[in-house]
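Trainee: Quick check, what structure comes out for this input:
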Amino acid sequence: MSVVTIAQRPWSPRDLRRVGAGNALGFLLIAVGWGGASGETTLRSQSRCAVLSLIGLVVAGAANAAFLRRGRRALTFGTRRFVVREAPVPMPVPAPAGSAPGDVLVAGPGLTLFHRSECRLVTGKPVRAEQRSAHEEAGREPCEVCWP
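Mentor: From the prediction side, this is the model:
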């Protein structure tokens, strides 16, 4: 039986209060600007109120951006402990007859590229070794990571 741990939430209650307050202030400025502009008849007086609404939009946008950045940072740092830092051990592949060491080219079922046996893209996959000509006849192209 395995133990399942519940991941920590990306935002703290403090973060939620901050984004709520930022949005409330932003929407309040937008509402005040809108209400002020609706009662004015000249463009000059309406533009002052429109600037107030734009400031409210910027405040709300900045609060949301900071909230999302904080959550992304928490998720990024939280998942780093689950990332395997060690390179997987490549599966041993027997070399075809007549090939030099380090010249082993491999491919597996359904793969459209052929690789060097030590290529990280085929590590852990079921592959078989063949000569370059056999891979080319099968319509495979060389891998652009290991360049066999």
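
Trainee: residue farthest from the centroid of the chain?
Mentor: Distance to the chain centre peaks in the chain at Thr41, reaching 49.6 Å (criterion: CA atoms, centre = their mean).

Trainee: before we move on, which element is it in?
Mentor: Using DSSP states H and E, Thr41 sits within no helix or strand.

Trainee: Which pLDDT value belongs to it?
Mentor: For Thr41, the pLDDT comes out at 85.

Trainee: Which helix or which strand is home to the residue most central in space within the chain?
Mentor: Among the residues of the chain, the one closest to the centroid is Thr76, at 9.2 Å (CA atoms, centre = their mean). Per DSSP H and E: Thr76 is located in helix 43-79.

Trainee: likewise His115?
Mentor: strand 113-116.

Trainee: What is the helix or strand just after that strand packed up against?
Mentor: Using DSSP H and E, the next helix or strand after strand 113-116 towards the C-terminus is strand 128-130. The elements that strand 128-130 packs onto, with contact taken as 3 or more CB pairs under 8 Å, 6 or more residues apart in numbering; DSSP states H and E, are strand 105-107. Placement of C-beta: from N, CA and C, glycine included.
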